[in-house]
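S.K.: This is the structure alone, sequence omitted:
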(Lines give C-alpha, C1' and ligand atoms only; values in the text may rest on other atoms or scores of the structure.)
Protein backbone atom coordinates (compact mmCIF):
# COMPACT_ATOMS: atom_id res chain seq x y z
CA UNK A 1 0.00 0.00 0.00
CA UNK A 2 2.84 2.35 0.89
CA UNK A 3 4.64 1.64 -2.40
CA UNK A 4 1.44 2.24 -4.33
CA UNK A 5 0.94 5.58 -2.55
CA UNK A 6 4.55 6.56 -3.24
CA UNK A 7 4.26 5.63 -6.91
CA UNK A 8 1.07 7.68 -7.22
CA UNK A 9 2.74 10.69 -5.62
CA UNK A 10 5.72 10.32 -7.95
CA UNK A 11 3.43 10.21 -10.99
CA UNK A 12 1.64 13.36 -9.83
CA UNK A 13 5.00 15.07 -9.31
CA UNK A 14 6.24 14.01 -12.72
CA UNK A 15 3.02 15.06 -14.43
CA UNK A 16 3.06 18.50 -12.84
CA UNK A 17 6.70 19.04 -13.81
CA UNK A 18 6.04 17.89 -17.38
CA UNK A 19 2.92 20.05 -17.73
CA UNK A 20 4.59 23.20 -16.41
CA UNK A 21 7.84 22.68 -18.31
CA UNK A 22 5.91 21.84 -21.48
CA UNK A 23 3.79 24.97 -21.13
CA UNK A 24 6.89 27.16 -20.78
CA UNK A 25 8.57 25.49 -23.77
CA UNK A 26 5.46 25.89 -25.91
CA UNK A 27 5.29 29.54 -24.88
CA UNK A 28 8.90 30.14 -25.92
CA UNK A 29 8.55 28.36 -29.26
CA UNK A 30 5.20 29.88 -30.18
CA UNK A 31 6.11 33.44 -29.27
CA UNK A 32 9.35 33.14 -31.22
CA UNK A 33 7.65 31.90 -34.37
CA UNK A 34 4.71 34.30 -34.09
CA UNK A 35 7.13 37.16 -33.47
CA UNK A 36 8.76 36.38 -36.80
CA UNK A 37 5.32 36.34 -38.47
CA UNK A 38 4.48 39.67 -36.85
CA UNK A 39 7.44 41.50 -38.33
CA UNK A 40 6.95 39.87 -41.73
CA UNK A 41 3.34 41.13 -41.79
CA UNK A 42 4.45 44.55 -40.58
CA UNK A 43 6.95 44.69 -43.40
CA UNK A 44 4.18 43.94 -45.88
CA UNK A 45 1.72 46.49 -44.46
CA UNK A 46 3.96 49.42 -43.50
CA UNK A 47 6.85 51.33 -45.09
CA UNK A 48 10.29 49.99 -44.25
CA UNK A 49 11.20 53.20 -42.41
CA UNK A 50 8.18 52.89 -40.12
CA UNK A 51 8.92 49.23 -39.41
CA UNK A 52 12.56 50.02 -38.69
CA UNK A 53 11.62 52.80 -36.27
CA UNK A 54 8.96 50.67 -34.56
CA UNK A 55 11.29 47.70 -34.15
CA UNK A 56 13.91 49.98 -32.59
CA UNK A 57 11.35 51.40 -30.15
CA UNK A 58 10.09 47.92 -29.23
CA UNK A 59 13.58 46.46 -28.75
CA UNK A 60 14.67 49.45 -26.67
CA UNK A 61 11.54 49.34 -24.52
CA UNK A 62 11.99 45.58 -24.09
CA UNK A 63 15.60 46.03 -22.96
CA UNK A 64 14.64 48.76 -20.48
CA UNK A 65 11.73 46.65 -19.23
CA UNK A 66 14.08 43.72 -18.69
CA UNK A 67 16.37 45.94 -16.61
CA UNK A 68 13.35 47.25 -14.70
CA UNK A 69 12.48 43.70 -13.64
CA UNK A 70 15.73 43.66 -11.62
CA UNK A 71 15.96 39.88 -12.13
CA UNK A 72 13.16 39.38 -9.61
CA UNK A 73 11.97 36.42 -11.68
CA UNK A 74 14.56 34.11 -10.15
CA UNK A 75 13.53 35.03 -6.62
CA UNK A 76 9.82 34.58 -7.39
CA UNK A 77 10.41 31.12 -8.87
CA UNK A 78 12.48 30.09 -5.85
CA UNK A 79 10.51 31.64 -2.97
CA UNK A 80 6.86 31.95 -4.05
CA UNK A 81 6.35 28.17 -3.68
CA UNK A 82 7.08 28.49 0.06
CA UNK A 83 5.66 31.98 0.65
CA UNK A 84 2.24 30.76 1.78
CA UNK A 85 0.16 33.56 3.28
CA UNK A 86 2.89 36.07 2.41
CA UNK A 87 2.53 35.42 -1.33
CA UNK A 88 0.18 38.32 -2.05
CA UNK A 89 2.49 40.77 -0.29
CA UNK A 90 5.53 39.52 -2.21
CA UNK A 91 3.69 39.73 -5.54
CA UNK A 92 2.30 43.22 -4.88
CA UNK A 93 5.70 44.43 -3.68
CA UNK A 94 7.40 43.03 -6.77
CA UNK A 95 4.98 44.76 -9.09
CA UNK A 96 5.41 48.07 -7.23
CA UNK A 97 9.22 47.91 -7.36
CA UNK A 98 9.31 47.02 -11.05
CA UNK A 99 6.75 49.68 -11.95
CA UNK A 100 8.84 52.31 -10.17
CA UNK A 101 12.03 51.17 -11.90
CA UNK A 102 10.27 51.25 -15.28
CA UNK A 103 9.07 54.82 -14.71
CA UNK A 104 12.59 55.92 -13.82
CA UNK A 105 14.32 54.17 -16.74
CA UNK A 106 11.66 55.04 -19.33
CA UNK A 107 11.50 58.70 -18.32
CA UNK A 108 15.27 58.95 -18.03
CA UNK A 109 15.70 57.54 -21.52
CA UNK A 110 13.47 60.27 -22.91
CA UNK A 111 14.79 63.19 -20.84
CA UNK A 112 18.46 62.43 -21.51
CA UNK A 113 17.88 62.57 -25.25
CA UNK A 114 19.01 59.01 -25.92
CA UNK A 115 15.69 58.36 -27.64
CA UNK A 116 15.69 61.32 -29.98
CA UNK A 117 16.71 59.15 -32.95
CA UNK A 118 13.80 56.74 -32.56
CA UNK A 119 11.16 58.85 -30.75
CA UNK A 120 10.39 61.43 -33.41
CA UNK A 121 7.20 63.09 -32.16
CA UNK A 122 5.99 64.59 -28.89
CA UNK A 123 3.38 61.85 -28.55
CA UNK A 124 6.01 59.12 -28.96
CA UNK A 125 8.26 60.71 -26.34
CA UNK A 126 5.40 61.27 -23.90
CA UNK A 127 4.08 57.72 -24.15
CA UNK A 128 7.40 55.87 -24.21
CA UNK A 129 7.64 55.50 -20.39
CA UNK A 130 4.17 53.91 -20.48
CA UNK A 131 5.43 51.40 -23.04
CA UNK A 132 8.31 50.46 -20.73
CA UNK A 133 5.95 50.09 -17.76
CA UNK A 134 3.57 47.81 -19.67
CA UNK A 135 6.39 45.68 -21.06
CA UNK A 136 8.00 45.36 -17.61
CA UNK A 137 4.80 44.27 -15.85
CA UNK A 138 4.04 41.92 -18.73
CA UNK A 139 7.49 40.29 -18.39
CA UNK A 140 7.39 40.03 -14.59
CA UNK A 141 4.03 38.25 -14.68
CA UNK A 142 5.64 35.19 -16.30
CA UNK A 143 7.89 34.16 -13.37
CA UNK A 144 5.18 35.11 -10.88
CA UNK A 145 2.68 32.79 -12.55
CA UNK A 146 5.38 30.12 -12.83
CA UNK A 147 6.18 30.44 -9.12
CA UNK A 148 2.46 30.08 -8.36
CA UNK A 149 2.46 26.86 -10.44
CA UNK A 150 0.35 28.46 -13.16
CA UNK A 151 2.76 27.89 -16.07
CA UNK A 152 -0.06 27.07 -18.55
CA UNK A 153 -1.36 30.59 -17.92
CA UNK A 154 2.04 31.90 -19.06
CA UNK A 155 1.64 30.12 -22.39
CA UNK A 156 -1.95 31.36 -22.74
CA UNK A 157 -0.91 34.94 -22.01
CA UNK A 158 2.07 35.05 -24.37
CA UNK A 159 0.47 33.18 -27.26
CA UNK A 160 -2.71 35.27 -27.03
CA UNK A 161 -0.81 38.54 -27.34
CA UNK A 162 1.43 37.14 -30.09
CA UNK A 163 -1.65 36.28 -32.17
CA UNK A 164 -3.96 39.23 -31.59
CA UNK A 165 -1.33 41.94 -31.98
CA UNK A 166 -1.02 40.93 -35.67
CA UNK A 167 -4.64 41.97 -36.39
CA UNK A 168 -4.19 45.76 -35.98
CA UNK A 169 -1.38 45.70 -38.54
CA UNK A 170 -3.95 45.09 -41.27
CA UNK A 171 -6.41 47.61 -39.85
CA UNK A 172 -3.87 50.42 -39.40
CA UNK A 173 -1.77 49.79 -42.50
CA UNK A 174 -3.04 52.95 -44.18
CA UNK A 175 -1.51 55.18 -41.51
CA UNK A 176 2.06 54.24 -42.48
CA UNK A 177 3.07 55.29 -38.97
CA UNK A 178 5.48 53.62 -36.57
CA UNK A 179 3.26 54.83 -33.72
CA UNK A 180 0.44 52.66 -35.11
CA UNK A 181 2.67 49.60 -34.71
CA UNK A 182 4.03 50.35 -31.24
CA UNK A 183 0.77 51.87 -30.01
CA UNK A 184 -1.44 48.93 -30.97
CA UNK A 185 1.12 46.50 -29.53
CA UNK A 186 1.27 48.42 -26.24
CA UNK A 187 -2.50 48.82 -25.84
CA UNK A 188 -3.12 45.11 -26.39
CA UNK A 189 -0.23 44.20 -24.08
CA UNK A 190 -1.68 46.51 -21.40
CA UNK A 191 -5.10 44.84 -21.60
CA UNK A 192 -3.67 41.33 -21.40
CA UNK A 193 -1.19 42.30 -18.69
CA UNK A 194 -3.98 43.77 -16.55
CA UNK A 195 -6.02 40.59 -16.86
CA UNK A 196 -3.15 38.29 -15.91
CA UNK A 197 -1.85 40.56 -13.13
CA UNK A 198 -5.28 40.23 -11.50
CA UNK A 199 -5.10 36.49 -12.15
CA UNK A 200 -1.72 36.26 -10.41
CA UNK A 201 -2.75 38.45 -7.46
CA UNK A 202 -5.96 36.46 -7.01
CA UNK A 203 -4.08 33.15 -6.85
CA UNK A 204 -1.50 34.65 -4.49
CA UNK A 205 -4.23 35.97 -2.20
CA UNK A 206 -5.93 32.57 -2.21
CA UNK A 207 -2.95 31.18 -0.27
CA UNK A 208 -3.86 33.10 2.91
CA UNK A 209 -4.46 29.91 4.84
CA UNK A 210 -1.03 28.42 4.04
CA UNK A 211 2.03 28.70 6.22
CA UNK A 212 4.52 31.37 5.19
CA UNK A 213 7.10 30.84 7.92
CA UNK A 214 9.35 28.72 5.68
CA UNK A 215 10.67 31.77 3.87
CA UNK A 216 14.30 32.55 4.76
CA UNK A 217 15.13 35.82 6.54
CA UNK A 218 14.79 38.99 4.45
CA UNK A 219 18.57 39.41 4.45
CA UNK A 220 19.06 36.04 2.76
CA UNK A 221 16.34 36.74 0.23
CA UNK A 222 17.96 40.08 -0.64
CA UNK A 223 21.35 38.40 -0.98
CA UNK A 224 19.83 35.77 -3.28
CA UNK A 225 18.20 38.52 -5.35
CA UNK A 226 21.44 40.53 -5.46
CA UNK A 227 23.35 37.52 -6.75
CA UNK A 228 20.72 36.87 -9.41
CA UNK A 229 20.69 40.50 -10.52
CA UNK A 230 24.49 40.56 -10.75
CA UNK A 231 24.41 37.38 -12.83
CA UNK A 232 21.92 38.98 -15.21
CA UNK A 233 24.10 42.04 -15.65
CA UNK A 234 27.17 39.88 -16.21
CA UNK A 235 25.49 37.51 -18.65
CA UNK A 236 24.13 40.43 -20.70
CA UNK A 237 27.73 41.30 -21.57
CA UNK A 238 28.07 38.44 -24.06
CA UNK A 239 25.16 39.32 -26.41
CA UNK A 240 26.17 42.99 -26.24
CA UNK A 241 29.92 42.65 -26.79
CA UNK A 242 30.35 39.62 -29.08
CA UNK A 243 28.40 41.16 -32.02
CA UNK A 244 30.57 44.27 -31.69
CA UNK A 245 33.68 42.07 -31.91
CA UNK A 246 32.26 40.38 -35.02
CA UNK A 247 31.54 43.75 -36.66
CA UNK A 248 34.95 45.13 -35.71
CA UNK A 249 36.92 42.14 -36.93
CA UNK A 250 34.81 40.78 -39.81
CA UNK A 251 32.38 43.54 -40.78
CA UNK A 252 28.61 44.02 -40.75
CA UNK A 253 27.95 41.37 -43.40
CA UNK A 254 29.56 38.69 -41.26
CA UNK A 255 27.48 39.92 -38.34
CA UNK A 256 24.32 39.16 -40.34
CA UNK A 257 25.50 35.54 -40.65
CA UNK A 258 26.41 35.44 -36.97
CA UNK A 259 23.14 37.01 -35.81
CA UNK A 260 20.96 34.39 -37.50
CA UNK A 261 23.07 31.51 -36.15
CA UNK A 262 23.31 32.93 -32.64
CA UNK A 263 19.57 33.65 -32.53
CA UNK A 264 18.80 29.99 -33.27
CA UNK A 265 21.23 28.84 -30.57
CA UNK A 266 19.71 31.24 -28.05
CA UNK A 267 16.20 30.01 -28.87
CA UNK A 268 17.33 26.42 -28.32
CA UNK A 269 18.75 27.41 -24.94
CA UNK A 270 15.37 28.79 -23.87
CA UNK A 271 13.94 25.27 -24.00
CA UNK A 272 16.41 24.07 -21.38
CA UNK A 273 15.71 27.16 -19.29
CA UNK A 274 11.99 26.40 -19.40
CA UNK A 275 12.59 22.93 -17.96
CA UNK A 276 14.87 24.42 -15.33
CA UNK A 277 12.33 27.02 -14.23
CA UNK A 278 9.61 24.41 -13.81
CA UNK A 279 11.98 22.18 -11.85
CA UNK A 280 13.00 24.95 -9.41
CA UNK A 281 9.35 25.78 -8.70
CA UNK A 282 8.33 22.17 -8.12
CA UNK A 283 11.43 21.31 -6.07
CA UNK A 284 10.87 24.40 -3.89
CA UNK A 285 7.47 23.17 -2.73
CA UNK A 286 7.43 22.33 0.99
CA UNK A 287 6.29 18.77 0.26
CA UNK A 288 8.50 18.21 -2.78
CA UNK A 289 10.06 14.78 -3.36
CA UNK A 290 13.37 16.17 -4.56
CA UNK A 291 15.06 12.85 -5.37
CA UNK A 292 12.15 11.93 -7.67
CA UNK A 293 12.13 15.40 -9.21
CA UNK A 294 15.86 15.17 -9.82
CA UNK A 295 15.36 11.92 -11.72
CA UNK A 296 12.59 13.50 -13.81
CA UNK A 297 14.80 16.54 -14.46
CA UNK A 298 17.61 14.30 -15.71
CA UNK A 299 15.30 12.55 -18.16
CA UNK A 300 13.69 15.76 -19.40
CA UNK A 301 16.98 17.61 -19.86
CA UNK A 302 18.43 14.61 -21.68
CA UNK A 303 15.54 14.62 -24.13
CA UNK A 304 15.52 18.38 -24.63
CA UNK A 305 19.31 18.48 -25.06
CA UNK A 306 19.21 15.67 -27.61
CA UNK A 307 16.54 17.58 -29.52
CA UNK A 308 18.64 20.74 -29.27
CA UNK A 309 21.77 19.03 -30.55
CA UNK A 310 19.96 17.62 -33.57
CA UNK A 311 18.15 20.87 -34.24
CA UNK A 312 21.25 23.05 -33.98
CA UNK A 313 23.75 20.72 -35.69
CA UNK A 314 21.48 19.59 -38.55
CA UNK A 315 18.53 21.95 -38.68
CA UNK A 316 20.65 25.04 -38.08
CA UNK A 317 22.82 24.71 -41.19
CA UNK A 318 19.70 23.93 -43.25
CA UNK A 319 18.10 27.20 -42.12
CA UNK A 320 21.33 29.02 -42.87
CA UNK A 321 21.39 27.48 -46.33
CA UNK A 322 17.83 28.69 -46.95
CA UNK A 323 18.96 32.20 -46.09
CA UNK A 324 21.87 31.95 -48.52
CA UNK A 325 24.88 29.81 -49.31
CA UNK A 326 27.20 32.40 -47.81
CA UNK A 327 25.37 32.05 -44.48
CA UNK A 328 26.09 28.34 -44.13
CA UNK A 329 29.65 28.73 -45.44
CA UNK A 330 30.41 31.34 -42.78
CA UNK A 331 28.40 30.08 -39.81
CA UNK A 332 27.84 26.37 -40.49
CA UNK A 333 30.68 25.16 -38.27
CA UNK A 334 29.61 27.63 -35.60
CA UNK A 335 26.27 25.80 -35.41
CA UNK A 336 27.94 22.39 -35.17
CA UNK A 337 30.23 23.55 -32.36
CA UNK A 338 27.32 25.18 -30.51
CA UNK A 339 25.48 21.85 -30.65
CA UNK A 340 28.35 20.28 -28.71
CA UNK A 341 28.40 23.26 -26.37
CA UNK A 342 24.73 22.64 -25.55
CA UNK A 343 25.61 19.26 -24.02
CA UNK A 344 28.20 20.77 -21.69
CA UNK A 345 25.95 23.72 -20.82
CA UNK A 346 23.16 21.34 -19.80
CA UNK A 347 25.40 19.84 -17.12
CA UNK A 348 26.38 23.31 -15.90
CA UNK A 349 22.72 24.32 -15.87
CA UNK A 350 21.94 21.34 -13.64
CA UNK A 351 24.41 22.68 -11.08
CA UNK A 352 22.88 26.16 -11.32
CA UNK A 353 19.43 24.72 -10.58
CA UNK A 354 20.64 22.75 -7.56
CA UNK A 355 22.57 25.79 -6.30
CA UNK A 356 19.37 27.87 -6.39
CA UNK A 357 17.50 25.25 -4.37
CA UNK A 358 20.28 25.01 -1.81
CA UNK A 359 20.76 28.79 -1.82
CA UNK A 360 24.48 28.48 -2.56
CA UNK A 361 24.99 31.30 -5.01
CA UNK A 362 28.66 32.25 -4.69
CA UNK A 363 30.14 29.64 -7.03
CA UNK A 364 27.19 30.07 -9.40
CA UNK A 365 28.01 33.78 -9.73
CA UNK A 366 31.76 33.17 -10.07
CA UNK A 367 31.13 30.56 -12.76
CA UNK A 368 28.93 32.97 -14.72
CA UNK A 369 31.63 35.65 -14.59
CA UNK A 370 34.29 33.19 -15.77
CA UNK A 371 32.07 32.02 -18.64
CA UNK A 372 31.59 35.59 -19.88
CA UNK A 373 35.32 36.36 -19.63
CA UNK A 374 36.32 33.21 -21.51
CA UNK A 375 33.63 33.68 -24.18
CA UNK A 376 34.37 37.34 -24.87
CA UNK A 377 38.14 37.01 -24.54
CA UNK A 378 38.25 33.83 -26.59
CA UNK A 379 36.10 35.36 -29.32
CA UNK A 380 38.38 38.38 -29.51
CA UNK A 381 41.47 36.17 -29.87
CA UNK A 382 40.10 33.44 -32.15
CA UNK A 383 37.81 35.34 -34.51
CA UNK A 384 40.70 36.76 -36.51
CA UNK A 385 42.30 33.47 -37.58
CA UNK A 386 39.16 31.28 -37.46
CA UNK A 387 36.27 33.60 -38.31
CA UNK A 388 32.89 32.81 -36.76
CA UNK A 389 34.11 29.30 -35.93
CA UNK A 390 36.37 31.00 -33.38
CA UNK A 391 33.32 32.38 -31.59
CA UNK A 392 31.91 28.86 -31.34
CA UNK A 393 35.18 27.52 -29.95
CA UNK A 394 35.27 30.36 -27.41
CA UNK A 395 31.77 29.45 -26.25
CA UNK A 396 32.65 25.76 -26.03
CA UNK A 397 35.77 26.63 -24.04
CA UNK A 398 33.78 28.75 -21.58
CA UNK A 399 31.29 25.93 -21.00
CA UNK A 400 34.13 23.44 -20.50
CA UNK A 401 35.87 25.67 -17.96
CA UNK A 402 32.55 26.15 -16.17
CA UNK A 403 32.04 22.39 -16.06
CA UNK A 404 35.47 21.97 -14.48
CA UNK A 405 34.54 24.53 -11.81
CA UNK A 406 31.21 22.98 -10.87
CA UNK A 407 31.84 19.26 -11.39
CA UNK A 408 32.62 18.39 -7.78
CA UNK A 409 29.99 20.72 -6.22
CA UNK A 410 27.46 19.31 -8.68
CA UNK A 411 28.22 15.73 -7.65
CA UNK A 412 27.96 16.72 -3.98
CA UNK A 413 24.70 18.59 -4.58
CA UNK A 414 23.16 15.63 -6.41
CA UNK A 415 24.12 13.30 -3.54
CA UNK A 416 22.64 15.70 -0.98
CA UNK A 417 19.38 16.05 -2.89
CA UNK A 418 19.11 12.31 -3.45
CA UNK A 419 19.73 11.53 0.21
CA UNK A 420 17.90 14.32 2.03
CA UNK A 421 16.16 12.85 5.08
CA UNK A 422 13.50 15.56 4.85
CA UNK A 423 11.81 16.93 1.73
CA UNK A 424 12.34 20.43 3.10
CA UNK A 425 15.94 21.55 2.75
CA UNK A 426 17.54 23.02 5.89
CA UNK A 427 18.52 26.65 5.71
CA UNK A 428 22.03 27.15 4.41
CA UNK A 429 24.23 30.20 4.11
CA UNK A 430 23.19 31.91 0.90
CA UNK A 431 26.70 32.63 -0.31
CA UNK A 432 28.29 29.48 1.00
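M.R.: Structure received. Just so we're clear, the structure is a prediction, and the values are computed from it rather than from any experiment.

S.K.: Kindly report the domain assignment for the protein.
M.R.: Following automatic domain parsing, the chain resolves into domains at 1-215, 219-432.

S.K.: Now mean pLDDT and mean neighbour count too, for the ones you listed, in JSON lines please.
M.R.: Using the backbone N, CA and C atoms, a C-beta is placed for each residue, glycine as well. Output for the domains of the chain, formatted as JSON lines (pLDDT from 0 to 100; neighbours: other CB atoms under 10 Å):
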{"stretch": "domain 1-215", "mean pLDDT": "86", "mean neighbour count": "18"}
{"stretch": "domain 219-432", "mean pLDDT": "85", "mean neighbour count": "18"}
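
S.K.: Remind me what the host helix or strand of residue 162 packs against, helices and strands.
M.R.: For residue 162, the element it lies in under DSSP states H and E is helix 151-164. Other helices and strands packing on helix 151-164, by 3 or more CB pairs under 8 Å, 6 or more residues apart in numbering; DSSP states H and E, are helix 2-45, helix 122-147, helix 178-205.

S.K.: Measure how far the first one is from the centre of its chain, please.
M.R.: Relative to the chain's own centre, helix 2-45 is displaced by 14 Å; criterion: CA atoms, centre = their mean, to the nearest Å.

S.K.: on that earlier part again, looking at the helices and strands packed on helix 151-164, which is closest to residue 315?
M.R.: Of all the helices and strands packed on helix 151-164, helix 2-45 sits nearest to residue 315, with 13.2 Å by CB to CB.

S.K.: what separates the following helix or strand past the helix holding residue 162 from the chain centre, distance-wise?
M.R.: Next along the chain after helix 151-164, taking DSSP H and E as the criterion, comes helix 167-171. Distance, stretch centre to chain centre, for helix 167-171: 29 Å (CA atoms, centre = their mean).

S.K.: Residues touching helix 167-171, excluding its own?
M.R.: Contact with helix 167-171 is made by 38, 41-42, 45-46, 180-181, 184, 188, as judged by CB atoms under 8 Å, 6 or more residues apart in numbering.

S.K.: what about stretch 140-157, start to end distance?
M.R.: From its first residue to its last, stretch 140-157 covers 12 Å (CA to CA, to the nearest Å).

S.K.: I'd say residue 45 and residue 174 touch.
M.R.: No. The criterion here is CB atoms under 8 Å, and residue 45 misses it with residue 174 at 9.0 Å.

S.K.: Pull the contacting residues for residue 191.
M.R.: Taking CB under 8 Å, 6+ apart as the definition, residue 191 has no contacts.

S.K.: Without its sequence neighbours, what residue ends up closest to residue 386?
M.R.: residue 393 (6.8 Å; CB to CB, 6 or more residues apart in numbering).

S.K.: What helix or strand is that neighbour located in?
M.R.: Per DSSP H and E: helix 388-418 holds residue 393.

S.K.: Return the list of helices and strands in contact with that helix.
M.R.: Helix 388-418 packs on helix 237-250, helix 252-283, helix 290-310, helix 325-358, helix 362-386, going by 3+ CB pairs under 8 Å, 6+ apart.

S.K.: nearest to residue 411, of those?
M.R.: With CB to CB as the measure, helix 325-358 is the member of these nearest residue 411 (9.4 Å).

S.K.: Tell me who's in contact with the closest residue to residue 37 other than its chain neighbours.
M.R.: Distances taken as CB to CB, 6+ apart place residue 166 nearest to residue 37, at 6.7 Å, with adjacent residues excluded. When contacts are counted by CB under 8 Å, 6+ apart, residue 166 is found next to 34, 37-38, 41.

S.K.: ditto for residue 390
M.R.: 378-379, 381-384.

S.K.: you'd agree residue 255 is up against residue 245?
M.R.: No. Using CB under 8 Å, residue 255 is not in contact with residue 245, being 9.5 Å away.

S.K.: how big is the angle separating the helix holding residue 393 from helix 237-250?
M.R.: Taking axes from the mean of the first three to the mean of the last three CA atoms, to 10 degrees, one finds helix 388-418 and helix 237-250 inclined to each other by 160 degrees.

S.K.: before we move on, back to that, just put the helices and strands packed on helix 151-164 in CSV and tack on distance to residue 234.
M.R.: Compiled in CSV, the helices and strands packed on helix 151-164 are given as follows (distance: least, CB to CB, whole Å):
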stretch, distance to residue 234
helix 2-45, 22
helix 122-147, 19
helix 178-205, 29
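
S.K.: Looking at those helices, spot the one closest to residue 342.
M.R.: Nearest to residue 342 among the helices and strands packed on helix 151-164 is helix 2-45 (14.9 Å), distances taken as CB to CB.

S.K.: From the contact counts, what lies against the closest one?
M.R.: helix 48-68, helix 151-164, helix 167-171, helix 252-283, helix 290-310.

S.K.: Out of those, which gets nearest to residue 98?
M.R.: With CB to CB as the measure, helix 48-68 is the member of these nearest residue 98 (5.4 Å).

S.K.: Quick one: distance of that closest one to the chain centre.
M.R.: In terms of CA atoms, centre = their mean, the centre of helix 48-68 is set 18 Å apart from its chain centre.

S.K.: Tell me which helix or strand comes right after it.
M.R.: Toward the C-terminus from helix 48-68 - assigned by DSSP H and E - lies helix 72-79.

S.K.: Determine the set of other helices and strands touching that following helix.
M.R.: Of the remaining helices and strands, those touching helix 72-79 by 3+ CB pairs under 8 Å, 6+ apart are helix 87-111, helix 122-147, helix 218-235, helix 252-283, helix 325-358.
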